[in-house]
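In: sequence-free structure coming up:
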């Protein structure tokens, strides 16, 4: 989930060859991407992966601007796959999710800049920078009013090629210490998500999803 930048990971750009797994989790990167272990053709031989970490506040417009700067920096350093963190456009608080939630249009090219600014930004920046973008996650509201923790994946044309709703919601109740329940305001997703790229098949998971190996097994079976 979004947090203050780590001095040891300044816009970390990690080189990965072939089918090496890339995982973002814990206090640093909460959106995960796994590469298939199946050998894949490598037209360019390698892909540079950028994992962006940004400080998220209450101003959604500034959060979007910070994400734009992070993606631009990653692309300037030659990244072919850029990954944003969990809930990069909203404070990470169950009371905030419904307030910051946006509907996501079927065609992101039609996203309204005023009512759907996060989707509008993701599509435009992926197309502008011609990069594969794992768009972290944003609170999504569907037509029935349900709110999901949703990751959009875009290709270099700015088109959505995958959409993942966090399957495993993080609910914790430690007597006398902490109670935090994502399920108070979020609904769970119900499927494993993968997408294909010229450098391999990638699976997407968000934060607590990473703790459940069965989800990774389903992704592996899908490619």
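Out: That came in fine, so what should we check first? A quick note: this is a predicted structure, and the numbers were derived from the prediction, not measured.

In: Residues contacting the lengthiest helix in the chain, please?
Out: In the chain, taking DSSP state H as the definition, the longest helix is helix 60-76. Here helix 60-76 makes contact (Cβ atoms under 8 Å, 6 or more residues apart in numbering) with 11, 13, 50, 52-57, 82, 84, 88-90, 100, 117-118, 121, 125, 129, 131, 133, 136. Backbone N, C-alpha and C define where each C-beta goes, glycine included.

In: now the helix or strand that it is followed by, how far from the chain's geometric center?
Out: Where DSSP states H and E defines the elements, the next helix or strand beyond helix 60-76 is strand 81-83. Centre-to-centre, strand 81-83 and its host chain are 9 Å apart (Cα atoms, centre = their mean, to the nearest Å).

In: which secondary structure elements does the helix or strand that strand 81-83 is followed by contact?
Out: Using DSSP H and E, the next helix or strand after strand 81-83 towards the C-terminus is helix 97-100. Applying 3 or more Cβ pairs under 8 Å, 6 or more residues apart in numbering; DSSP states H and E, we find helix 97-100 packed against strand 138-141, strand 147-154.

In: which one of these is the most hemmed in?
Out: Ranked by average neighbour count under the criterion mean count of other Cβ atoms under 10 Å, the helices and strands packed on helix 97-100 are headed by strand 147-154 at a mean of 25.

In: in its sheet, what does whichever helix or strand comes after that strand sit against?
Out: For strand 147-154, the succeeding helix or strand toward the C-terminus, using DSSP H and E, is strand 160-165. Using DSSP bridges, the strands paired with strand 160-165 are strand 147-154 (antiparallel).

In: Throw the helices and strands packed on helix 97-100 into TSV and include distance to residue 184, thanks.
Out: Output for these, formatted as TSV (distance: least, Cβ to Cβ, whole Å):
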stretch	distance to residue 184
strand 138-141	13
strand 147-154	10
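
In: quick one: which helix or strand includes the residue of the chain most remote from its centre?
Out: Residue distances from the centre of the chain (Cα atoms, centre = their mean) peak at residue 176, which lies 32.7 Å from the mean C-alpha position. Using DSSP H and E, residue 176 maps to neither a helix nor a strand.

In: OK, contacts around it?
Out: Taking Cβ under 8 Å, 6+ apart as the contact definition, residue 176 lies against nothing.

In: give me the number of residues near residue 120?
Out: Residue 120 has 20 neighbouring residues, counting by other Cβ atoms under 10 Å.

In: I'd say it and residue 109 touch.
Out: No: counting by Cβ atoms under 8 Å, residue 120 stays clear of residue 109, with 9.4 Å between them.

In: Report how many residues lie close to residue 197.
Out: The local packing of residue 197 (other Cβ under 10 Å) involves 17 other residues.

In: The spatially most central residue of the chain and residue 179, how far apart?
Out: Residue closest to the average C-alpha location in the chain (Cα atoms, centre = their mean): residue 136, at 1.9 Å. Residue 136 sits 26 Å away from residue 179, going by Cβ to Cβ, to the nearest Å.

In: before we move on, back to that, just the buried subset of the contacts of helix 60-76, please.
Out: The neighbour-count criterion (16 or more other Cβ atoms under 10 Å) marks 11, 13, 50, 52-54, 56, 82, 84, 88-90, 100, 117-118, 121, 125, 129, 131, 133, 136 among these as buried.

In: Which ones among those residues lie within helices?
Out: Per DSSP H, those map to helices at 100, 117-118, 121, 125, 129.

In: Save these as TSV, and put in pLDDT too.
Out: Output for these, formatted as TSV (pLDDT from 0 to 100):
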residue	pLDDT
100	97
117	97
118	98
121	98
125	98
129	98
